[in-house]
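[1] build the 3D model from these lines:
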Amino acid sequence: MATATETRVDPDGWDTAIAATDGPQLVVAGPGAGKTEFLVRRALHLIDGGVHPEQILMLSFSRRGAADLRRRVAEGLDRSLTTIPASTFHSLAFRLLEAYGVGGAGPGKVPALLTGPEQTGLVAELLADEAPGDWPVLYRGLLPTAGFADEVADFVLRCREQLIDPIQLAERASGRPQWRALPAFLERYLAELRSRGRIDYGSLQAEAVDLLDAPSIREAVAEQHPYVLVDEYQDTTVAQAQLLERLTRSRRNLTVAGDPYQSIYSFRGTAITNIAEFPEAFRGLDGTPGRRLVLTTSFRVPAEILEAAVRVTAGGDLPGAAGPVVPAKGRGSVEVYRFDQLTHEAEWIASEIQRVHLRDGIPYRNMAVLVRSTRHMLPELSRALERRGVPHDPPDTRLADHPAVRLVLDCVRAATGTDRGGAVKRLLLGPLVGLPLSAMRDIQRDQIRTGDPWSEVVRRSVPGGEALAGIIDDPTWADSAPAAEGFWHLWSTLPQLAAAATDPARVRERAAWSSLAQVLGRLGERDPAATLSDYLRWSESEDFEATPLLEYRSGRDDRLTLTTLHQAKGLGWDLVFIADAREGVFPDLRARESLLGSRHLSGSQPEDPAASARARLQEEMRLAYTAMCRAATRVVWTCTTSGWEDGRGVPSRFLSLVSGRDAGSLTSPAAPGDPATPLEAEAWLRRMVRDPAETAPRRLAALGALTGPGEWRRREAAAFAGMARRGPDTGLVPAGVSLSPSQAESYLTCPRLYAFRRWLHVDGGGSVYLDFGSLIHGVLEETERAALERGDRHGTLDEALAALDGGFDPAAFGGNPWAAAWHAKATRVLTHLYEAWPGGGRVAAVEYPVEMEVAGTRWRGRIDRVEVEEQETSGPLLRVVDYKTGTSMPTVAEAGRSVQLGFYVIAAREDPHLAGLGRAGAAELWFPAARSVSVTTRALDTGRLDEVEALMQQAAEGIVAEDWTPVTGRQCDRCPVRTVCPEWPEGREAYLG
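    Sure, this is the predicted structure:
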């Protein structure tokens, strides 16, 4: 049997290769080697040779790719043509059904095409009527759920993409008991589609393949399109390959172009084997295998970038690949940086983009930021770009992602309770209301302090906020009314939106709202019951190809592209940032095994779990390769290694491959040199003025530049952020406040710090140490409560460690390896406590709430542990225990007058239940985390309870009177509010007066 011939085509051999148009040909090429250009030039060659343009069918994976083919061919012609047939496979299939009808019944009414959400809705409707007994026991309880409807809808779609009908599925289900009900369901589903005159995307192509099985139709279509050119062939499915085989069977004038190393859509049903199998699957009319043409030279990617990209894919060899690629001329660079905070990463990327634009003159449209998922970093990065005025609406973003539409969706969230607090904050800070950040913080504190609904807070605190409060109060416009009516209600109710209709500067927002109104109108025509809440839910789906109802395209002005790695394929820029490259995010190696196991429908997907995991990694490697090769001059990888709850807290393995360095050696970028913007210049000059290491003349010169006349500044020197007039110290504490002993101790340490932390929520975001303390307390509560129920003195180490394993969440501790270290520390603390248990009594209460009144103020607290000891002479003695998970301990004298322990003892004596168990006569702090042979304890001096009560009264009176006079001491060294404390020079400088 003849084997496929391979011809390597250098740039000077293109003309000869392009001219050989007949027969099946596979054009394989690396990134930037001109696959699409080859197809365009072949189309132009055919037209110049007398082939009518409408006889050339050009196909691509996406609408964007098809439009690009159409545009490039049109630009290469010296005459005007009405039609250049370039489309997607779905569009071709739909045109075939239009021309020949479903099943070849002739032209007629074409079935309406279902969107993804509509298909899922139909599946859910059918599942609700299914007999549970027909389904495996595992699935019976899931039949009415939305999640299972998603699973079944995806399974049905994959069946149709693989050209699997109910009979074939039944044959496959014989070896998979969990599929036993699916063949009958698929048959019912297809029948329901026919009865309703509807068709889904998978069935669209399957029906087209069936049409072309008819010789007369196949020959008619081949006569209409004797030449077929296909781009991005590595992204085709089984159905699409079969469609091409039938379409070209009688002539075989087929040219496909692709690169298996850019095959990144297996999760969408693509078959990576299509390229390797092409020569055999598409033999010529004389029976010889299809020819392979390998384009040898990249015209975009320089050696430095190409070599780094190849290192990422090392070990992932694929059949049918192009082999080594000759890099483009010129120099490139690949940089890798690591940050410790997400905001730092986002701010640096935004500042570097602005710097490159201003310094090097690179247009924003020639730069891109690519991320693995839009849900992680893009919101933070978008805010950083907006602060710098960098235009960044990508040309292929969804309508739902446009800022003007995000405002509408935030109104929906605020009304329906989905992230209500965050949505209200975005509405108040955004263009709808435009509150300054300080006012927003005041409103947040008001809401936290009073606990009032957000609608009430907005109504009383926001000028002109009555209409917005009404929107939040009544959600029926969002979750009950049809979507278009809900949008009209919003538009006619909020005066801020009406004002935007006449503002010349908001033309882009009006265009987006107009598009949204049209989308919602079409949505209502297809599904009259769909609400804005439904639209919000569908828009939050992260499918790569958004449904047509959710698309939006902005103008072709100078805008930065901000998009996902998948959506970047087929595009190119000078500078590419690959951001948020953390292990667990990119590569994303989560098993995509669906509940029904739809991947087993594909013959190109490995069955073995280990092989499947390896295939996932290889696809992520190809995704990295594809993303890097979008750049012509510079690639910058960035990651944040802490502060995220869903990653592993370590840099992506790709960073080491790209940089050739160990991930531990990666650092943040060096500080930029000269400032590039007025704000950077102002900050640079202010740092110089405050730097005592600078020479006096330079500091004076910087001060003169700041305060003297100059047009470079955006604001006056005295108007910079942070300079505010000192306000009142009262109005923080609500009437009838209740206190806790920890509040009292915090107040007595420093009243001013207490006010900032407790009532202004400064430095109140929590920390990993607080999470660790909560973890240990939770474990001890579970363990000791079990001992209490059994009547034991205390729990066991095995029980505690089991509770630790059950309650430990690695995400709360930054992911591994940090989470493993915190788990080891928790194990060490618990082991030390239980192996050297310091108490002698039997547990009598766990996490016991107590309260009492002192000087008219209500005090509340919760005792970690109460022990009872039998005394021969004085009866049962209660000992109060408070666990401390830190290593910093008070002195014996300080513990002797502890307000916390003293309050617990006094309250325990007044509590009827505890008083019935014995007299509270002892209290201790336990420090199991301290490094010592025995567990360190500190005891209360019960003879000083009067002194403790006096301290409680002092704290209560000071808090109620709102006396925030600061107290200096050792706590000032690490005080988070020292810069606004009048006891320190830097604090006195924080105010104008």
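
[2] can you list the low-confidence ranges for the stretch 1-150 of the chain?
    In the predicted model of the stretch 1-150 of the chain, residues 1-4, 79-83, 103-106, 108 satisfy pLDDT under 70.

[3] all strands for the stretch 51-200 of the chain, in order.
    56-60, 86-88, 112-113, 198-199 (DSSP state E, counting those that start in this stretch).

[4] point out the most buried one among those strands.
    Highest mean neighbour count of the strands of the stretch 51-200 of the chain: strand 56-60, a mean of 25 (counted as mean count of other C-beta atoms under 10 Å). (Glycine included, C-beta is placed from N, CA and C.)

[5] who are the packing partners of it?
    Under the contact definition 3 or more C-beta pairs under 8 Å, 6 or more residues apart in numbering; DSSP states H and E, strand 56-60 sits against helix 35-48, helix 63-76, strand 86-88, helix 89-100, strand 227-230.

[6] mind redoing it with 10 Å?
    helix 35-48, helix 63-76, strand 86-88, helix 89-100, helix 215-224, strand 227-230, helix 238-247, strand 254-258 (3 or more C-beta pairs under 10 Å, 6 or more residues apart in numbering; DSSP states H and E).

[7] would CSV of these with distance to residue 427 be doable?
    Output for these, formatted as CSV (distance: least, C-beta to C-beta, whole Å):
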stretch, distance to residue 427
helix 35-48, 44
helix 63-76, 33
strand 86-88, 38
helix 89-100, 38
helix 215-224, 54
strand 227-230, 47
helix 238-247, 45
strand 254-258, 46
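
[8] so for residue 641, which of these sits nearest?
    helix 63-76 (34.5 Å; C-beta to C-beta).

[9] list the buried residues in the closest one.
    For helix 63-76, the neighbour count (16 or more other C-beta atoms under 10 Å) marks 63-66, 68-70, 72-73 as buried.

[10] roughly how far is that helix from the heart of the chain?
    32 Å (C-alpha atoms, centre = their mean, to the nearest Å).

[11] in terms of helices and strands, where is residue 868?
    strand 857-869 (DSSP states H and E).

[12] mean confidence for that strand?
    Here strand 857-869 scores 92 as its mean pLDDT.

[13] ok, stretch 953-972 next?
    Taken as a whole, stretch 953-972 has a mean pLDDT of 89.

[14] follow-up on the earlier one: deepest-packed of the helices and strands packed on strand 56-60, please.
    Greatest burial across these, using mean count of other C-beta under 10 Å, falls to strand 254-258, with a mean of 26.

[15] could you check how far the strand holding residue 868 is from the centre of its chain?
    43 Å.

[16] for the helices and strands packed on strand 56-60, which one sits closest to residue 737?
    Comparing these by C-beta to C-beta, helix 63-76 comes nearest, at 59.9 Å.

[17] skipping its backbone neighbours, what lies nearest residue 24 in space?
    residue 290 (3.5 Å; C-beta to C-beta, 6 or more residues apart in numbering).

[18] while we're on that neighbour, how confident is the model there?
    91.

[19] list phi and psi for it.
    When quoted as degrees, to the nearest 10, the phi and psi of residue 290 stand at phi -60, psi 150.

[20] look up how far residue 372 lies from it.
    35 Å (C-beta to C-beta, to the nearest Å).

[21] more neighbours, those two?
    residue 372 (25 against 22; other C-beta atoms under 10 Å).

[22] verify the stated contact: the more buried one with residue 582.
    Yes: when contacts are counted by C-beta atoms under 10 Å, residue 372 is listed as touching residue 582 (9.0 Å).

[23] list the residues that contact both of these two?
    Taking C-beta atoms under 10 Å, 6 or more residues apart in numbering as the contact rule, residue 372 and residue 582 both touch residue 652.

[24] list the contacts of the residue nearest to residue 24.
    4-5, 23-26, 252, 254-256, 277-284.

[25] select only the buried ones of these in ChimeraX?
    For the buried members of the contacts of residue 290, the matching ChimeraX selection, counting by 16+ other C-beta under 10 Å, is:
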select :4,23,24,25,26,252,254,255,256,278,279,281,282,283,284
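
[26] sort out for me which of the contacts of residue 290 are in helices.
    Counted as lying in helices by DSSP state H, out of these, are 277-281.

[27] possible to save these as TSV with distance to residue 324 and pLDDT?
    Below are the ones in helices among the contacts of residue 290 laid out as TSV (distance: C-beta to C-beta, whole Å; pLDDT from 0 to 100):
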residue	distance to residue 324	pLDDT
277	23	90
278	21	92
279	21	91
280	25	92
281	26	91
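
[28] just the closest of those to residue 952, please.
    Of these, the one sitting nearest to residue 952 (C-beta to C-beta) turns out to be residue 277, at 81.3 Å.

[29] the closest one contacts residue 260, doesn't it?
    No: judged on C-beta under 10 Å, residue 277 makes no contact with residue 260 at a distance of 11.2 Å.

[30] could you list the buried residues of the lowest-mean-pLDDT helix or strand in the chain?
    Lowest by mean pLDDT, DSSP states H and E among the helices and strands of the chain is helix 985-988, with a mean of 75. Across helix 985-988, burial judged by 16+ other C-beta under 10 Å covers residue 987.

[31] how about residues contacting it?
    Under C-beta under 10 Å, 6+ apart, the answer for helix 985-988 is 690, 726, 752, 966, 975, 977-982.

[32] possible to save those as a markdown table with neighbour count?
    Listed next are the contacts of helix 985-988 as a markdown table, based on neighbours: other C-beta atoms under 10 Å:
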| residue | neighbour count |
| --- | --- |
| 690 | 11 |
| 726 | 12 |
| 752 | 22 |
| 966 | 20 |
| 975 | 21 |
| 977 | 19 |
| 978 | 17 |
| 979 | 12 |
| 980 | 20 |
| 981 | 20 |
| 982 | 13 |
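
[33] which one of those sits closest to residue 341?
    So of these, ranked by how close each gets to residue 341 (C-beta to C-beta), first place is residue 979, at 19.4 Å.

[34] now the closest one: closest residue in space that isn't a chain neighbour?
    Nearest one to residue 979, counting by C-beta to C-beta, 6+ apart, is residue 986 at 5.1 Å.

[35] tell me the residue furthest from the middle of this protein?
    Taking C-alpha atoms, centre = their mean as the measure, the residue most remote from the mean C-alpha position of the chain is residue 873, 65.4 Å away.

[36] ok so it is a helix residue?
    No: looking at residue 873 with DSSP: H, G, I helix; E, B strand; the rest coil, it is coil, so not inside a helix.

[37] got the phi and psi for it?
    Taking degrees, to the nearest 10 as the convention, residue 873 sits at phi -100, psi -40.

[38] shift numbering so it begins at 804
    Done: numbering now begins at 804, and the last item shifts to residue 1676.

[39] that one and residue 1146, how far apart?
    For residue 1676, the distance to residue 1146 equals 63 Å [C-beta to C-beta].

[40] residue 1080 and residue 1104: what is the separation?
    For residue 1080 relative to residue 1104 (C-beta to C-beta), the value is 27 Å.

[41] how about residue 1784?
    56 Å.

[42] all helices of the stretch 1404-1553 of the chain, in order?
    For the stretch 1404-1553 of the chain, the helices defined by DSSP state H, counting those that start in this stretch cover 1412-1431, 1456-1462, 1481-1493, 1499-1510, 1544-1552.

[43] where are the low-confidence patches of the stretch 954-1103 of the chain?
    Those would be none, if you go by pLDDT under 70 across the stretch 954-1103 of the chain.

[44] could you do the stretch 1254-1403 of the chain as well?
    If you take pLDDT under 70 as the line, the stretch 1254-1403 of the chain has these spans: 1308, 1329-1330, 1343-1359, 1394-1396.

[45] for this structure, which helix is longest?
    The chain, longest helix under DSSP H: helix 1571-1593.

[46] next SSE downstream of that one?
    Downstream of helix 1571-1593, the next assigned helix or strand under DSSP H and E is helix 1600-1610.

[47] distance from the chain centre to that following helix, please.
    32 Å.
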